[in-house]
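K.L.:
fold the following, please.
(chains A, B, C and D)
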Protein chains: 2
Amino acid sequence: MPIERRPLREQIREELLRRLDRGDFSAGTDINEAALAGELGVSRTPLREALITLAGEGVLESSQGRGFRFAPVSKREFRELCEIVAALESLALETSDPVYLREIAPELLRLARDFPDAVAEQQVIERHDDEWHDLLVSGCRNERLVDLITSVKAGMRRYAHLLAGDDAPLEREADEHCKVAELLQKGQLKDAAEALRDNWVNGMERMMSRIPSTPE
Amino acid sequence: MPIERRPLREQIREELLRRLDRGDFSAGTDINEAALAGELGVSRTPLREALITLAGEGVLESSQGRGFRFAPVSKREFRELCEIVAALESLALETSDPVYLREIAPELLRLARDFPDAVAEQQVIERHDDEWHDLLVSGCRNERLVDLITSVKAGMRRYAHLLAGDDAPLEREADEHCKVAELLQKGQLKDAAEALRDNWVNGMERMMSRIPSTPE
DNA sequence: ATGTACTATTTTGTATGCAGAATTCATAGT
DNA sequence: ACTATGAATTCTGCATACAAAATAGTACAT
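P.N.:
Predicted coordinates for the structure are as follows:
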């Protein structure tokens, strides 16, 4: 039995992301290191290491002497992130092994059709959506790209809990996933990548209204 | 006078990257935290924070109990990084303000033509190349994208010192930069982005032979 | 009420301390 | 010579301690 031996900083990072998904933190407010460390039952050292990692991923921001805070959300940044992930995922798709892609196409199609009921929990829906995208890029041999996508997506987690509730978009999302899967099955890689980019852009627009407009 | 007050971890990170450019570190060898901290005149705490940041950028890798080491170089990873940066920079270009791009096109052209003599120091050549690419993406309003490009490029710095010496490629590099600048001046954004991607792919191939083949 | 100088408190940024894992080295056995 | 075993050493990962900066609070002047 391979007992788990991972650095605390990684476990802390993941716990913080989980809490972020749950909406435990309000964007823009400062993090009190001592308090949070106490709550997590660890010392400030590995906590700070996790915070620094998260800052590197854009989840947090920091300023000298003032510590860390969850970066505020904005329509603008959300659009920026979507554009980036759209480009990265479509690159991943285009450089994947076409044979492998065709193999997983049926599974992708199945997942897309099994899209959870609109009444399902938000958490479940997100998990399902993530799963689909993960499978999609699973054939990418560009390891650095896969890591990068994961990292950028971590930055998007701040938006996850804002996106609960609305049902209508789900069907559209599922439809678009089907479209991508079908194109992959037909071996039309370029078109699939294009459809994937569209999926991100459309998804971005679907979510836009949920994000509070920042003053400025 | 705005006196500089930045966290040590950032200064350390930059110093390590500078040393990396100079080829001070050999890839794959472990970092001794105490020794390096002593050499830099700081304690292990901010040093470790810098190391963790660099690990997040792919410059270093770490494993439980064994600390940090400079990630080994490989043709494969270099290709991966070039593909990523090519996609990101061309995205930056495509989403920039076309008017601004046309404005800076003459400057880009001038820089490309002033490409340093082949006999110049490697450091100078790199600085010049970086400057050109920085100016190119300077009009990108996607802040996250600009940051991301910077971060990915940090990961490429491990390859910088391997690329010294060969003269022939320089002209080709300069030619390609001119091409991009000319297309921008004519307002042909899509074509410019395409030419930029080509520049990265070609540059990658030019450098490939310099990178030692790893066994595996 | 508004602003200012000053003090007290909190909180970060950095240094140091410590336990345990990993590595090295010496020794013994085959 | 080579491997195995175990003690000695080194080094990492985490915890704690400390100094300086930032914040909050208070008294006082305008």
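
K.L.:
what ranges does chain A have for its helices?
P.N.:
Secondary structure of chain A (DSSP state H): helices at A:8-21, A:33-40, A:44-56, A:75-94, A:98-113, A:122-137, A:143-156, A:168-185, A:189-208.

K.L.:
residue B:13: which of those helices is closest?
P.N.:
Closest approach to residue B:13 among the helices of chain A is made by helix A:44-56 (10.4 Å; C-beta to C-beta). To be clear about C-beta, it is placed using only N, CA and C from the backbone, and glycine gets the same treatment.

K.L.:
centre of the chain versus the closest one, how much separation?
P.N.:
Taking C-alpha atoms, centre = their mean, to the nearest Å, the mean C-alpha location of helix A:44-56 is offset from the chain mean by 20 Å.

K.L.:
and what of stretch A:97-116?
P.N.:
On the basis of C-alpha atoms, centre = their mean, stretch A:97-116 sits 19 Å off its chain's mean C-alpha point.

K.L.:
quick one: contacts for the residue nearest the centre of chain A?
P.N.:
By C-alpha atoms, centre = their mean, chain A has its centre lying nearest to residue A:153, at 3.4 Å. Counting by C-beta atoms under 8 Å, 6 or more residues apart in numbering or on different chains, residue A:153 makes contact with residue A:85.

K.L.:
related to what we said a few turns ago, for the helices of chain A, could you give me a markdown table that also reports mean pLDDT?
P.N.:
Formatted as a markdown table, these follow (pLDDT from 0 to 100):
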| stretch | mean pLDDT |
| --- | --- |
| helix A:8-21 | 97 |
| helix A:33-40 | 98 |
| helix A:44-56 | 98 |
| helix A:75-94 | 97 |
| helix A:98-113 | 95 |
| helix A:122-137 | 90 |
| helix A:143-156 | 97 |
| helix A:168-185 | 90 |
| helix A:189-208 | 95 |
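
K.L.:
okay if I get those as a markdown table plus distance to DNA strand D?
P.N.:
Putting those into a markdown table (distance: least, C-beta to the nearest atom of the strand, whole Å) gives the following:
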| stretch | distance to DNA strand D |
| --- | --- |
| helix A:8-21 | 3 |
| helix A:33-40 | 7 |
| helix A:44-56 | 3 |
| helix A:75-94 | 23 |
| helix A:98-113 | 34 |
| helix A:122-137 | 27 |
| helix A:143-156 | 19 |
| helix A:168-185 | 38 |
| helix A:189-208 | 32 |
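
K.L.:
okay, those helices in TSV with distance to residue B:80 next?
P.N.:
Output for the helices of chain A, formatted as TSV (distance: least, C-beta to C-beta, whole Å):
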stretch	distance to residue B:80
helix A:8-21	23
helix A:33-40	35
helix A:44-56	19
helix A:75-94	11
helix A:98-113	17
helix A:122-137	14
helix A:143-156	4
helix A:168-185	22
helix A:189-208	18
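
K.L.:
quick one: closest of these to residue B:126.
P.N.:
Of the helices of chain A, nearest to residue B:126 by C-beta to C-beta is helix A:143-156, at 20.9 Å.

K.L.:
and the closest one, how far out from the chain's middle?
P.N.:
8 Å.

K.L.:
list the buried residues in that helix.
P.N.:
Across helix A:143-156, burial judged by 16 or more other C-beta atoms under 10 Å in any protein chain shown covers A:144, A:145, A:146, A:148, A:149, A:151, A:152, A:153, A:154, A:155, A:156.

K.L.:
again, but for stretch A:87-100
P.N.:
A:87, A:88, A:89, A:90, A:91, A:92, A:93, A:94, A:95, A:96.

K.L.:
over to stretch A:5-12?
P.N.:
A:7, A:9, A:12.

K.L.:
what parts of chain A come near DNA strand C?
P.N.:
A:5, A:30-34, A:44-45, A:48, A:62-68 (C-beta under 7 Å from any atom of the strand).

K.L.:
before we move on, back to that, what's the closest of the helices of chain A to residue B:129?
P.N.:
helix A:143-156 (20.9 Å).

K.L.:
and that closest one with helix B:44-56, angle?
P.N.:
110 degrees (axes from the mean of the first three to the mean of the last three C-alpha atoms, to 10 degrees).

K.L.:
circling back: among the helices of chain A, which is nearest residue B:58?
P.N.:
Using C-beta to C-beta, the nearest of the helices of chain A to residue B:58 is helix A:143-156, at 6.4 Å.

K.L.:
let me see the contact set for the one residue in chain A that gets nearest to DNA strand C.
P.N.:
Of all residues in chain A, residue A:67 sits closest to DNA strand C, at 2.8 Å by C-beta to the nearest atom of the strand. Residue A:67 is in contact with A:30, A:31, A:32, A:33, counting by C-beta under 8 Å, 6+ apart.

K.L.:
any of these buried? List them.
P.N.:
By 16+ other C-beta under 10 Å, these give A:31, A:33 as buried.
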